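1. with the input below, show me the fold.
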Amino acid sequence: MLFRSLNIIEPILKAVEEEGYTTPTPIQAEAIPIVLQGTDLLGCAQTGTGKTAAFAIPILQLLSSTKTFGNKRKIRSLVVTPTRELAIQIEESFKAYGRHTGLTCTVLFGGVNQNPQTAALRKGVDIVVATPGRLLDLMNQGFLTLRDVEIFVLDEADRMLDMGFIHDVKKLLTALPKTRQSLFFSATMPPEIVKLANTILHNPVKVSVTPDSSTVDIIQQAVFFVDKGNKSALLLEILKDQKIKTALVFTRTKHGANLVVKTLLKHNISAEAIHGNKAQSARQRALSNFKEQSTRILVATDIAARGIDVEDLEYVVNYEIPNIPETYVHRIGRTGRAGAEGTAYSFCDATEKEYLRDIEKLINKKVPIAENPLFPLMDHNAVKPPQQQGRGNSGHSRPKPIEPKRAVVNTKNPRILLRKKG
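-> Numbering: from 1, shown residues only. Now for the predicted structure:
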């Protein structure tokens with residue numbers, strides 16, 4: 001199937017082809033015709049599947065039929081997303097696909113001076129992409145109204161839930177017209193998200209391009225069992241492999257991200273951190289350096305990393321196992337995008353075994369164990385700190401050993417070689 005077969009108007013089709021796209025991804029092929037019909041849509045798709053274009057292209061087409069100009073423009077479409085990085089990327093997509101339509105788009109997010117954003121709103125804009133906090137703030141100041149919104153998009157809904165934005169989203173819903181088209185996208189569909197979707201959507205068509213919470217099969221996964229104090233040494237050993245040109249490393253906390261960067265820099269490995277305490281300009285600079293490969297390692301917290309889209313990123317390292325299983329899916333989804341190969345390593349200490357079990361239950365598969373002769377797990381009875389008691393469902397203080405398929409990893413060249421059990 002080609003984009004031309006989806007009845008896309010020529011100005012948008014021209015822009016899409018200028019971007020180098022000819023064949024739609026599965027989510028695009030299914031979602032675009034549904035949205036063009038004016039129907040509500042519930043989309044379940046992993047990151048990296050092309051869902052931004054799946055809603056941006058048909059929205060641009062629907063709005064193109066009736067355009068206004070100058071400061072008479074009204075906000076006719078609103079896209080709400082959890083992080084500023086993702087908001088910026090969505091705005092860039094709208095501008096790229098809509099460059100020949102005459103439609104305007106602006107992005108609203110916190111952490112920066114609001115004056116440029118309010119100036120854009122005063123000029124009149126057709127499409128707004130926003131994070132919830134800044135959007136509500138500018139609404140309360142009287143800089144914008146949502147009464148003319150025709151198409152509403154809630155993107156990364158599960159991450160909204162993780163970040164505590166659901167109450168803000170509910171406030172926004174009261175300001176939207178009751179008669180509107182609504183599009184709801186989430187990588188996972190836990191019960192809380194399904195409940196939220198039911199309050200937003202009216203007779204939606206569901207599009208799911210992968211089973212709920214499944215990880216991309218092409219991503220090669222492995223877990224290293226290692227004492228917490230040896231994680232930095234293991235990371236340094238793995239990074240001796242020069243085939244790892246870049247890697248995205250995840251920590252649970254901002255402080256942890258800073259410590260990892262400090263260790264890497266001490267050993268002459270270029271690294272930068274990206275997290276909520278960093279200024280927006282610093283975050284964008286770090287991301288640009290990483291994309292250009294002038295920075296080899298980008299260390300990120302989960303909130304900051306959602307929206308990071310780096311072509312040909314082959315390696316993700318979970319320096320710390322996330323205590324929310326769905327977060328693991330999001331993390332490793334940074335690699336293996338659009339069918340490319342990817343490798344995800346996870347460092348698991350004794351306190352994190354319960355988190356690993358929850359992850360394996362969610363993805364319905366065992367993560368292969370990587371043999372780790374240099375830094376093996378010795379402290380099997382480590383006590384989990386109270387603040388890190390997570391979403392483990394078993395209640396056991398000492399989890400049973402996990403015995404999935406084993407993998408042999410040469411830490412000097414950490415390519416995973418599966419070995420048959422027995």
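
2. please make it C-alpha for all contacts and neighbour counts, starting now.
-> OK.

3. which residues are in contact with the nearest residue to residue 97 once chain neighbours are set aside?
-> Distances taken as Cα to Cα, 6 or more residues apart in numbering place residue 15 nearest to residue 97, at 5.2 Å, with adjacent residues excluded. Taking Cα atoms under 8 Å, 6 or more residues apart in numbering, we find residue 15 in contact with 96-100.

4. for those, which one is nearest residue 11?
-> Distance to residue 11, by Cα to Cα, is smallest for residue 100 among the contacts of residue 15, at 5.2 Å.

5. tell me the secondary structure for that closest one?
-> coil (DSSP: H, G, I helix; E, B strand; the rest coil).

6. isn't it right up against residue 12?
-> Yes. Contact criterion Cα atoms under 8 Å: residue 100 and residue 12 qualify, at 6.7 Å.

7. of the two, who's got more company?
-> Each of residue 100 and residue 12 has its neighbours counted (other Cα atoms under 10 Å); residue 12 has more, 21 against 14.

8. walk me through the domains of the protein.
-> 3-208, 219-419 (automatic domain parsing).

9. look up phi and psi at residue 301.
-> Dihedral angles of residue 301 (phi, psi; degrees, to the nearest 10) stand at phi -90, psi 160.

10. how about the contacts made by residue 345?
-> Counted by Cα under 8 Å, 6+ apart, residue 345 has contacts 221-224, 315-318.

11. if you rank these by neighbours, which is first?
-> Busiest of these [other Cα under 10 Å] is residue 316, holding 26 neighbours.

12. got phi/psi on it?
-> phi -120, psi 140.

13. was I right to think it contacts residue 335?
-> Yes. Residue 316 lies in contact with residue 335 (Cα under 8 Å); the separation is 6.6 Å.

14. mutual contacts of these two, please.
-> Residues touching both residue 316 and residue 335 (Cα under 8 Å, 6+ apart) are 342-344.

15. who wins for neighbours among those residues?
-> Busiest of the shared contacts of residue 316 and residue 335 [other Cα under 10 Å] is residue 344, holding 24 neighbours.

16. ok so that residue is a helix residue?
-> No. Per three-state DSSP, residue 344 lies outside any helix segment and is strand.

17. how far away from the center of its chain is stretch 17-35?
-> 20 Å (Cα atoms, centre = their mean, to the nearest Å).

18. average pLDDT for that stretch?
-> What stretch 17-35 shows for mean pLDDT is 88.

19. again, but for stretch 334-353
-> Averaged over stretch 334-353, pLDDT sits at 85.

20. list the buried residues for that stretch?
-> 334-337, 341-353 (16 or more other Cα atoms under 10 Å).

21. repeat for stretch 186-202
-> Buried, per 16+ other Cα under 10 Å, within stretch 186-202: 186-189, 193, 196-197, 200-202.

22. do the same with stretch 252-269
-> 252, 254, 256-258, 260-264, 269.

23. from these, pick the one nearest residue 107.
-> After measuring the buried residues of stretch 252-269 against residue 107 - Cα to Cα - the closest member comes out as residue 254, at 25.4 Å.

24. re the thing from before, CSV for the shared contacts of residue 316 and residue 335, including distance to residue 291?
-> Converted to CSV, the shared contacts of residue 316 and residue 335 look like this (distance: Cα to Cα, whole Å):
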residue, distance to residue 291
342, 16
343, 18
344, 18
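
25. the residue nearest to residue 88 when sequence neighbours are not counted: what's it in contact with?
-> Nearest non-adjacent residue to residue 88, counting by Cα to Cα, 6+ apart: residue 107, 6.5 Å away. Taking Cα under 8 Å, 6+ apart, we find residue 107 in contact with 87-88, 91, 117, 128-130.

26. if we can go back for a sec, pull the CA atoms of the helix or strand encompassing the residue nearest to residue 97 into PDB?
-> Using DSSP states H and E, residue 15 maps to helix 10-18. Once non-C-alpha atoms are left out, helix 10-18 reads as follows in PDB (Å, rounded to 0.1, in the frame of the first residue of the first chain):
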ATOM      1  CA  GLU A  10      -2.200  16.600  -2.900                       C
ATOM      2  CA  PRO A  11      -0.600  19.400  -0.700                       C
ATOM      3  CA  ILE A  12      -0.100  16.900   2.200                       C
ATOM      4  CA  LEU A  13       0.900  14.000  -0.100                       C
ATOM      5  CA  LYS A  14       3.500  16.300  -1.600                       C
ATOM      6  CA  ALA A  15       4.900  17.100   1.800                       C
ATOM      7  CA  VAL A  16       4.900  13.500   2.900                       C
ATOM      8  CA  GLU A  17       6.800  12.500  -0.200                       C
ATOM      9  CA  GLU A  18       9.300  15.300   0.400                       C
END
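
27. how distant is it from the center of its chain?
-> 26 Å.

28. same check on stretch 55-70?
-> On Cα atoms, centre = their mean, the centre of stretch 55-70 falls 26 Å from that of its chain.

29. what residues sit buried inside it?
-> Buried residues in stretch 55-70 (16+ other Cα under 10 Å): 55-64.

30. off-centre distance for the host helix or strand of residue 30?
-> Remark: residue 30 resides in helix 26-36, with elements defined by DSSP H and E. Helix 26-36 has its C-alpha centroid displaced from the chain centroid by 20 Å (Cα atoms, centre = their mean).
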